[in-house]
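1. coords please:
(one chain, ligands or ions: 2)
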Amino acid sequence: MKTIEQIAAELQGYDPQALSAERVNQFLAHLVDPVTATETVGVFEALGRVLAQDVVSPISVPPHDNSAMDGFAFNGALLQAGQALTLQLAEGTAFAGKAWSGALASNQCVKIMTGAIMPAGLDTVVPLEFVKVEADQLTIPPDVLRLGDNRRFMGEDLMAGQPALRQGQTLCPAALGLIASLGLPKVNVFRRVKVAYFSTGDEILSLGEPLREGAVYDSNRYTVFGLLTRMGVEVIDMGVIKDEPAALEAAFRQAALEADAIITSGGVSMGEADHTKAMMKQLGDVAFWRIAMRPGRPMAVGRITENSKSAVLFGLPGNPVAVMVTFLAFVRPALQRLMGSSASEPVLLKAHSGEALRKKPGRTEYQRGIVCRAADGSLQVRTTGNQGSGVLRSMVEANGLIVLHHGQGNVAAGDEVDVMMFDGVI
Ligand code: AMP
Ligand code: MG
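-> Ligands and ions are numbered 1, 2, ... in the order given. Below is the predicted model:
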């Protein structure tokens, strides 16, 4: 496990007072070590979990050549360009799960249903709707088919002995089905990651407390809960911690003992007169950053240790939008790494900006965007209006974040911009 100082020394251009968003992610990749413990779970329980080892296919899927259509199976070598083909219909039908076994003359065909095993020697299926059948004779019109059409090969989906899924893959609904298609009732996954989170600040009220002057209700507790839950981690909800050394110390110690990662919000900005930063410093190995980004900027990162058990710390700023944006930009990829996931960054969408956007080069901006399809069919994005880092409504109205990259300058109306869509991410 490397110290903050060691990681900092390895990173070129590391300046805690002016870190680019890219550098932050590089730093976190050094700070976070993936979990190693694994467990075996049933297929239903595996949704959203991360595979701890490759799943090697014990069988071939499909296990035999079969028909992709309802139709008639025949010997495709009989097809000739520009000519109709007449075949004799054999007795019986090849059903899925009930093989047809019989002997055939070369010009005979067999009625076959989708998924049925191809009768021996036959390699092509003509769909029912293509043919004319009269008594026991069937005619295929010229040039509607080629040899091998509508036959699915054994092992076409998965071949026995080949890896069907790779370690590090997060199991999606399709992956669950794939595992089941191999006949496997269980899979080996990494243990679930535990993340403790709490809000700090004397002005922060828990739900149920009466509103008083200068105070605001704690919204970060709920957005962080939602973001973490969507990632499939186990959450340890610690509520609001008062800005008192004893309360903060107890909270950090408990979180470090119980969790793999700790997320706090509030109390990390430059001018903060509170005890949060002091306690982080006292109990852990922590760096305090100013990140060249908007919203966001202040963030504390490191490790808190209690009884030789340590947890990664993400000390996020307090502003509700800044919490969500720093989570998406930095915490989410870091937690994916912690979970053992090999997921790559979300694919950014390109959309035309519906308006001019002011942007200074030298920092990354994440504006709340609404992407929709314009009359001409192209993707357009407009902002939600007021981009204040406290305007949580902007996150609710948006369906993605417009990412204005570090080196990027002003955007003219109509220019293409990158958007990180929420769907599939949170
Ligand atoms: P701070 O980062 O502590 O300076 O907080 C920045 C702003 O975010 C202040 O206006 C706080 O009142 C607000 N804030 C901090 N924590 C929360 C929270 N848990 N829920 C809602 N607003 C918060
Ligand atoms: Mg504060």
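2. Tell me which stretches of the stretch 151-300 of the chain form helices.
-> Secondary structure of the stretch 151-300 of the chain (DSSP state H, counting those that start in this stretch): helices at 173-181, 220-231, 245-258, 276-283.
3. now for those, which one comes closest to ligand 2?
-> helix 276-283 (7.8 Å; C-beta to the ion). C-beta: built from backbone N, CA, C; applies to glycine.
4. tell me the phi and psi of the closest residue to Met118 other than its chain neighbours?
-> Spatial nearest neighbour of Met118, chain neighbours left out: Asp65 (4.4 Å); criterion: C-beta to C-beta, 6 or more residues apart in numbering. Dihedral pair for Asp65: phi -60, psi 140, per degrees, to the nearest 10.
5. please begin residue numbering at 838 from this point
-> Okay, using 838 as the starting number, the last item reads as Asp902.
6. Asp902: how many residues sit nearby?
-> For Asp902, the count of nearby residues is 17 (other C-beta atoms under 10 Å).
7. Surely it and Asn987 touch.
-> No: using C-beta atoms under 8 Å, Asp902 is not in contact with Asn987, being 11.1 Å away.
8. Contacts only, for the residue nearest to Met955.
-> 954-955, 960, 988-991 (C-beta atoms under 8 Å, 6 or more residues apart in numbering).
9. of all these, which comes closest to Gly998?
-> Comparing these against Gly998 with C-beta to C-beta places Met991 closest, at 13.3 Å.
10. and the closest one, what pLDDT?
-> Model confidence at Met991, given as pLDDT, is 95.
11. residues contacting it?
-> Counting by C-beta under 8 Å, 6+ apart, Met991 touches 897, 899-902.
12. again, but for Ser1043
-> Ser1043 neighbours (C-beta under 8 Å, 6+ apart): 1054-1055, 1076-1077.
13. Give the residue farthest from the middle of the chain.
-> Ala972 (56.0 Å; C-alpha atoms, centre = their mean).
14. Contacts only, for it.
-> Here Ala972 is in contact with no residue (C-beta under 8 Å, 6+ apart).
15. Kindly report the same for Phe1125.
-> 853, 1105, 1114, 1135-1137.
16. beta partners of it?
-> Beta-bridge partners of Phe1125, counted by DSSP bridges, are Ala1137.
17. Can you name the residues of the stretch 938-1087 of the chain sitting close to ligand 1?
-> Those residues of the stretch 938-1087 of the chain that sit near ligand 1, judged by C-beta under 6 Å from any ligand atom, are 1036, 1038, 1040-1041, 1053, 1055-1057.
18. Phe1151: neighbouring residues, count only.
-> Neighbours of Phe1151 under the rule other C-beta under 10 Å: 26.
19. Kindly report the same for Lys1079.
-> If you count neighbours by other C-beta under 10 Å, Lys1079 ends up with 15.
20. which bits of the chain sit near ligand 2?
-> 1038, 1103-1104 (C-beta under 5 Å from the ion).
21. hmm, 6 Å instead?
-> 1038, 1103-1104, 1109, 1111, 1155 (C-beta under 6 Å from the ion).
22. which of those residues sit farthest apart?
-> The widest separation within those (C-beta to C-beta) is 10.3 Å, between Asp1111 and Gly1155.
23. Angles on the backbone of Leu1194, please.
-> phi -120, psi 130.
24. doesn't Val1240 make contact with it?
-> No: if you go by C-beta under 8 Å, Leu1194 and Val1240 don't touch, sitting 11.5 Å apart.
25. what touches both of these two?
-> Counting by C-beta under 8 Å, 6+ apart, the residues touching both Leu1194 and Val1240 are Val1254.
26. Between those two, which is the more surrounded one?
-> Legend: neighbour count by other C-beta under 10 Å for Leu1194 and Val1240, higher for Leu1194 (23 against 19).
27. So what pairs up with that one in the strands?
-> Val1248.
28. And His1189, by the same measure?
-> Applying DSSP bridges to His1189 yields these beta-bridge partners: Gln1217, Glu1253.
29. And it, how far from Val1256?
-> Remark: distance between His1189 and Val1256 (C-beta to C-beta, to the nearest Å) = 11 Å.
30. what touches both of these two?
-> Val1218.
31. Same drill for these two, tell me which one is more crowded.
-> Higher neighbour count among His1189 and Val1256: Val1256, with 23 against 18, using other C-beta under 10 Å.
32. tell me what the helix or strand encompassing the more buried one is packed against?
-> If you go by DSSP states H and E, Val1256 is part of strand 1253-1258. With contacts defined as 3 or more C-beta pairs under 8 Å, 6 or more residues apart in numbering; DSSP states H and E, strand 1253-1258 has these neighbours: strand 1186-1190, strand 1201-1210, strand 1237-1241.
33. got the angle between the last one and strand 1253-1258?
-> For strand 1237-1241 and strand 1253-1258, the angle between their directions (axes from the mean of the first three to the mean of the last three C-alpha atoms, to 10 degrees) works out to 140 degrees.
34. Neighbouring strands - and their directions - for strand 1237-1241?
-> strand 1201-1210 (antiparallel), strand 1253-1258 (antiparallel).
35. measure His912 to Leu984 for me?
-> Careful, residue 912 is Asn and not His. 9 Å.
36. How about Trp937, nearest residue that isn't a chain neighbour?
-> Ala931 (3.6 Å).
37. Next one, pLDDT for the one you found please.
-> Reading off the model, Ala931 has pLDDT 97.
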